[in-house]
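Enquirer: requesting a structural model of the entry that follows:
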Amino acid sequence: MTVPRLITALAGPLPDLERQLLTAQTEVECWLRGQWQDHAAPFYCSVDLRNSGFKLAPVDTNLFPGGFNNLSPEFRPLCVQAAMTAIEKACPDARGLVLIPENHTRNQHYLQNVAVLQTILRQAGINVRIGSLLREVTAATEINLESGATLKLEPIERRGNRLMVGGFDPCVVLLNNDLSAGTPEILMNLEQAVLPPLHGGWTVRRKSNHFAAYRQVAEEFAALVGIDPWFINPYFEKCGKINFQERKGEECLEGYVAEILDDIRAKYREYDIKQDPFVIVKADAGTYGMGVMTVKDPSEVRGLNRRQRNKMAVVKEGLQVQEVMVQEGVYTFETVEDAVAEPVVYMIDHFVVGGFYRVHTERGQDQNLNAPGMQFRPLAFAEPCSSPNPDDPGCPPNRFYAYGVIARLALLAGAIELEQTEAAPVAVAATRSAAG
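Expert: Below is the predicted model:
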């Protein structure tokens, strides 16, 4: 089953792009199978998509997804089956796994995600313990969740080149922590499989590297199905040296904004698109929707006021922004109950396992929706469906099939990106000392 059937897909006839993907379904799936023979899929991944009707493209790819609690419970069997496959690849005789989460233990929403992820892995037949990187967790610590469940955090320790939790010796170390503050020394040079690999963290990873890999994937895929790659690929450029607080690098940024806006205008003229082009300026490393702004004119990035500079200068873990990516803005014309929405697709291994709409009542069609005030609406099953139906434009799985195709292209780009950065040095931040 490639994708589930949904009851929340948009109504109305499918745009041309989606119809072309459906028509080429056999070729698409065959091509993707071949790609997974050559590239190892990340353990899991989530992809933020934007659908403007004329364009369906990824705008962010997360290798440490933190929203499994937002998936509809009906998706659980897909998650469990895919997790079984992913774990078998990492360690065929795996019985135990340590899950290392983010450090924000007061974020109930995130902790619910950890609990759901733990449940999925246990249902896949794995003993799961949750190991904390926090110094203050020196003994097993139970956290009460709003759902009524409890989550047990335990201190991790290093014994030789193995990571352990008490007497528990896992086969796999699964990170749900994106290592924004650096890689703890206790995680370095382990014998066990560490998934995703340490160079997938933000000390090494750059969004511009990901979208460079995605551009290659999109061009090959577009040739396969006979479309303009621009329909699935946002333009981007990297501005490598900037300091928002000291107003350095503004000229570089302004130049790239002007260049990409011109490129978008040319495409809009080619396809008679009436909307105003815009770009998104975002930190090249980091997550949680921090360090993001919408720009419609190059002059807007020159002479930012103090509040704007402060917003762009710092991201998660208080890290200073020195590199930014200027990315083509993709409108979202999807709504849920009259609120602007964008689909987020979740994958484990190379399987689509579910998704949800990110909804924001106070943001516009040209703005970042990953911001305080966002809500999540799970994509839910109507009934099992093994495939979409190209002959029936109203078939509910059709829209989500297109989502799943583009998300898997971004997943493939993530796999290639990890291959390309495998030898990159990992910045160490000794947040815990090795014990044992």
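Enquirer: would you map the helices across the protein?
Expert: Ranges of helices in the chain, per DSSP state H, are 16-23, 25-38, 76-90, 108-123, 207-225, 250-270, 306-313, 397-420.
Enquirer: quick one: residues in contact with the fifth one.
Expert: Translated: helix 207-225. If you take Cβ atoms under 8 Å, 6 or more residues apart in numbering as the criterion, helix 207-225 is touched by 20-21, 24, 27-28, 31, 58, 60-61, 228-229, 231-234, 236-238, 282, 284-285, 323, 325, 327, 409-410, 412-414, 416-417, 420-421. Any C-beta I mention is one placed from the backbone N, CA and C, and that applies to glycine too.
Enquirer: give me the distance between Leu261 and Asp297.
Expert: The gap separating Leu261 from Asp297 is 8 Å, by Cβ to Cβ, to the nearest Å.
Enquirer: please apply the same query to Ala218.
Expert: 27 Å.
Enquirer: and the contacts of helix 207-225, which are buried?
Expert: 20-21, 24, 28, 58, 60-61, 231-234, 236-238, 282, 284-285, 323, 325, 327, 409-410, 412-414, 416-417, 421 (16 or more other Cβ atoms under 10 Å).
Enquirer: where in the stretch 51-200 of the chain is pLDDT low?
Expert: Scanning the stretch 51-200 of the chain for pLDDT under 70 picks out no residues.
Enquirer: now the one residue sitting closest to the centre of the chain, nearest residue through space, not along the chain?
Expert: In the chain, the centroid-proximal residue (Cα atoms, centre = their mean) is Asn62; its distance is 2.3 Å. Spatial nearest neighbour of Asn62, chain neighbours left out: Ser46 (4.7 Å); criterion: Cβ to Cβ, 6 or more residues apart in numbering.
Enquirer: number of nearby residues for that neighbour?
Expert: 25 (other Cβ atoms under 10 Å).
Enquirer: ok, which stretches of the stretch 151-300 of the chain are strands?
Expert: Counting by DSSP state E, counting those that start in this stretch, residue ranges of the strands within the stretch 151-300 of the chain are 157-159, 162-164, 172-176, 193-195, 236-239, 279-283, 292-295.
Enquirer: partner strands of the fifth one and their direction?
Expert: Just to be clear, that refers to strand 236-239. In the sheet, strand 236-239 lines up against strand 324-328 (antiparallel) (DSSP bridges).
Enquirer: again with the last one
Expert: For strand 292-295, the pairing partners within the sheet under DSSP bridges are strand 279-283 (antiparallel).
Enquirer: which residues are contacting the partner strand?
Expert: For strand 279-283, contacts defined as Cβ under 8 Å, 6+ apart pick out 59, 207, 253, 257, 260-261, 264, 290-296, 301, 312, 315, 321, 323-329, 368.
Enquirer: how about stretch 76-86?
Expert: For stretch 76-86, the external contacting residues (Cβ under 8 Å, 6+ apart) are 1, 4, 41, 43-44, 68, 71, 120-121, 123-126, 195, 347-349, 351-354.
Enquirer: of those, buried ones?
Expert: Members of the contacts of stretch 76-86 classed as buried by 16+ other Cβ under 10 Å are 4, 41, 43-44, 68, 71, 120-121, 124, 126, 195, 347-349, 351-354.
Enquirer: tell me which of those residues fall in strands.
Expert: Mapping these onto strands (DSSP state E) picks out Tyr44, Leu195, Met347, Ile348, Phe351, Val352, Val353, Gly354.
Enquirer: ok, so of these, who is nearest His109?
Expert: Gly354 (17.2 Å; Cβ to Cβ).
Enquirer: distance of the spatially closest residue to that closest one that is not a sequence neighbour from Arg135?
Expert: The shortest distance from Gly354 to any residue other than its chain neighbours is 3.4 Å, reached at Phe75 (Cβ to Cβ, 6+ apart). Counting by Cβ to Cβ, the separation of Phe75 from Arg135 is 36 Å.
Enquirer: neighbour count winner among these two?
Expert: Shown here are Phe75 and Arg135; by other Cβ under 10 Å, Phe75 has more neighbours (22 against 11).
Enquirer: wait, the residue nearest to Asn62 touches Pro65, no?
Expert: Yes: in this structure, Ser46 is within contact of Pro65 by Cβ atoms under 8 Å, at 3.7 Å.
Enquirer: joint contacts of these two?
Expert: In contact with both Ser46 and Pro65: Tyr346, using Cβ under 8 Å, 6+ apart.
Enquirer: before we move on, the earlier item: give me the common contacts of Leu261 and Asp297.
Expert: Common contact partners of Leu261 and Asp297 (Cβ under 8 Å, 6+ apart): none.
Enquirer: out of those two, which sits in the busier spot?
Expert: Just comparing Leu261 and Asp297: by other Cβ under 10 Å the higher neighbour count belongs to Leu261, 22 against 14.
Enquirer: report the contact partners of that one.
Expert: So Leu261 contacts Pro277, Phe278, Val279, Lys296, Asp297, Pro298 (Cβ under 8 Å, 6+ apart).
Enquirer: and the pLDDT at it?
Expert: On pLDDT, Leu261 comes in at 96.
Enquirer: cool, the one 5 residues further on as well?
Expert: Per-residue confidence (pLDDT) for Ala266: 97.
Enquirer: from Ile260, how far off is it?
Expert: Taking Cβ to Cβ as the measure, Ala266 falls 11 Å from Ile260.
Enquirer: what is Glu142 paired to in the beta sheet?
Expert: Lys152.
Enquirer: that one contacts Glu154, correct?
Expert: No: using Cβ under 8 Å, Glu142 is not in contact with Glu154; the gap is 10.1 Å.
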